[in-house]
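[1] A predicted structure for the sequence below; I have some questions about it.
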Amino acid sequence: MSKALEGIKIIDFTHVQAGPACTQLLAWFGADVIKVERPGSGDVTRSQLRDIPDADALYFIMLNSNKRSITLNTKTPEGKEVLEKLIRESDVMVENFGPGALDRMGFTWEHIMELNPKMILASVKGFSEGHHYEDLKVYENVAQCAGGAASTSGWWDGPPTVSGAALGDSNTGMHLAIGILTALRARDKDGKGQKVAVSMQDSVLNLCRVKLRDQQRLDRIGYLEEYPQYPHGEFSDVVPRGGNAGGGGQPGWVLKCKGWETDPNAYIYFTIQGHAWAPICDAIGKPEWKNDPDYMTAEARQPHIKEIFATIEAWLGDKTKYEAVNILRKFDIPCSPVLSMKEIAADASLRESGTIVEVEHKQRGKYLTVGSPIKFSDMDVEVTGSPLLGEHTDEILTELGYDNEKIASMHKAGAV
Ligand code: CAO
């Protein structure tokens, strides 16, 4: 089965997570992704958080599958020459260096355009160009704080809290992938390359859209009816942290199930969807609430929402999270067990769908990773092991027209 992005050549000048997550996705879909790394050390994640001495770390191999690796010191004249040749032959160059690093290396947008006017240069930075913080280097949690996620997550009486999901890193990479595919589509029409820029702050904020909604509602009416602070608590003039409340018109909460005293994940998320109120009453053995004016409408329920959740929690007390969901699903109630990473890793459905895949790595043997979350009816997405540092250096230099003697001299000079 042919892959959709076959024939697209990508210079992957990325490191850590935001850039590599983007290029890995494009590699899965068939692009020839050439990871350019510094000789000797490579991407810093190869050696970060190692669990096997001297082997590439899981951090690296889970973000760099399906790629080739060339080592190149792009600050040497020979290294620059190789990168220039690659730019002439490629469709896309992706980078997520600190602000100004690519320019300092000599690869300004103007120079790249001279080399290849069809080039798409895709960049991740912490803040967007012209932003008053544009000079800052940024990692995941910094972006979550700058993009509005941290100030709106966690508990109202605790500090701002970051999410375990990579909202700053991988999420920004996914935004960049959309930008690259859009620029490729534009190039199909007009033959021209362009710059695609995504900032981590903007990408986090794009996922915090509903919190900007809430700020404007708060400014206008002074309260937010779906937050736990309503109706008994106080609101200030900023969107508060709402704990585990649902973010839309359906109240929800994380509720304890049997075994919560010893199992940190013995919980379900329970949603009170307005039109499911009658089935909820039947499911939890409270049929009298169906026609009680104090509970019949969402508005009437809100002042009692904590008591309602406490009643549901009492009903859950003798049921495991799985038993509870199996009962509630029959009543069409939106809910899920809170799943640990251990449970997710062992989930047969996730293995079957290719969302969790087992991959072979040359140094490590088998490891688990997250496969493509996007499924196609006409394309299989196969995940292959990540490359060792410089595994394809000679192969790629040969493709660029260098002979063995020249390649040997570049190795000797430390350019590759
Ligand atoms: N050959 C020669 N030099 C190389 C090279 C190569 N193959 N690859 C990188 N370098 C050089 C760069 O040119 C740069 O040199 P100068 O600072 O002298 O110009 C240097 O290595 C350091 O690059 P950097 O600033 O990107 O690296 P850092 O470790 O200091 O910062 C990070 C890391 C992630 C904070 C920064 O790259 C950044 O802010 N990136 C943009 C935002 C981003 O993507 N962050 C998310 C990362 S995922 O958590």
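    Received the coordinates, thanks.

[2] Is there a neighbour count for residue 42? I'd like the number.
    22 (other CB atoms under 10 Å). Just so you know, the C-beta spots here come from the backbone N, C-alpha and C atoms, and that holds for glycine as well.

[3] In contact with the closest residue to it other than its chain neighbours, which residues are there?
    Residue nearest to residue 42 in three dimensions, not counting chain neighbours: residue 389, with 4.2 Å by CB to CB, 6 or more residues apart in numbering. Going by CB atoms under 8 Å, 6 or more residues apart in numbering, residue 389 touches 37, 42, 46, 56, 69, 71.

[4] from these, which two are the most distant?
    56 and 71 (13.9 Å; CB to CB).

[5] Which residue is it, in the stretch 201-350 of the chain, that comes closest to the ligand?
    Closest residue of the stretch 201-350 of the chain to the ligand, CB to the nearest ligand atom: residue 201 (10.2 Å).

[6] and the helix or strand encompassing that residue, which residues are buried?
    Counting by DSSP states H and E, the element that carries residue 201 is helix 200-207. Judged by neighbour count using 16 or more other CB atoms under 10 Å, the buried positions of helix 200-207 are 200, 201, 202, 203, 204, 205, 207.

[7] next one: stretch 139-156
    So, applying 16+ other CB under 10 Å, buried residues of stretch 139-156: 140-154.

[8] re earlier: how about the residue nearest to residue 42, secondary structure?
    Secondary structure, DSSP: H, G, I helix; E, B strand; the rest coil: residue 389 is coil.

[9] So for it, what's the pLDDT?
    Residue 389 is assigned 98 on the pLDDT scale.

[10] Distance-wise, check it relative to residue 38.
    9 Å (CB to CB, to the nearest Å).

[11] Which neighbours do these two have in common?
    residue 71.

[12] What residues does the stretch 51-200 of the chain have near the ligand?
    72-75, 96-98, 101, 104-105, 124-126, 137-140, 169 (CB under 6 Å from any ligand atom).

[13] hmm, back to that, can you put the buried residues of helix 200-207 in JSON lines and add pLDDT?
    Shown next, in JSON lines, are those (pLDDT from 0 to 100):
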{"residue": "200", "pLDDT": "98"}
{"residue": "201", "pLDDT": "98"}
{"residue": "202", "pLDDT": "98"}
{"residue": "203", "pLDDT": "98"}
{"residue": "204", "pLDDT": "98"}
{"residue": "205", "pLDDT": "98"}
{"residue": "207", "pLDDT": "98"}
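
[14] Identify, from those, the entry nearest to residue 132.
    residue 201 (11.4 Å).

[15] Against residue 240, how distant is the closest residue to that closest one other than its chain neighbours?
    If the residues on either side of it in the chain are set aside, residue 201 comes closest to residue 146, at 4.4 Å by CB to CB, 6+ apart. Residue 146 sits 19 Å away from residue 240, going by CB to CB.

[16] How about residue 34?
    47 Å.

[17] When these two are compared, which one has more neighbours?
    residue 34 (25 against 20).

[18] In JSON lines, list the contacts of residue 389 along with distance to residue 184, secondary structure and pLDDT.
    Output for those, formatted as JSON lines (distance: CB to CB, whole Å; DSSP: H, G, I helix; E, B strand; the rest coil; pLDDT from 0 to 100):
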{"residue": "37", "distance to residue 184": "24", "secondary structure": "strand", "pLDDT": "98"}
{"residue": "42", "distance to residue 184": "28", "secondary structure": "coil", "pLDDT": "98"}
{"residue": "46", "distance to residue 184": "29", "secondary structure": "helix", "pLDDT": "98"}
{"residue": "56", "distance to residue 184": "30", "secondary structure": "coil", "pLDDT": "98"}
{"residue": "69", "distance to residue 184": "23", "secondary structure": "strand", "pLDDT": "98"}
{"residue": "71", "distance to residue 184": "27", "secondary structure": "strand", "pLDDT": "98"}
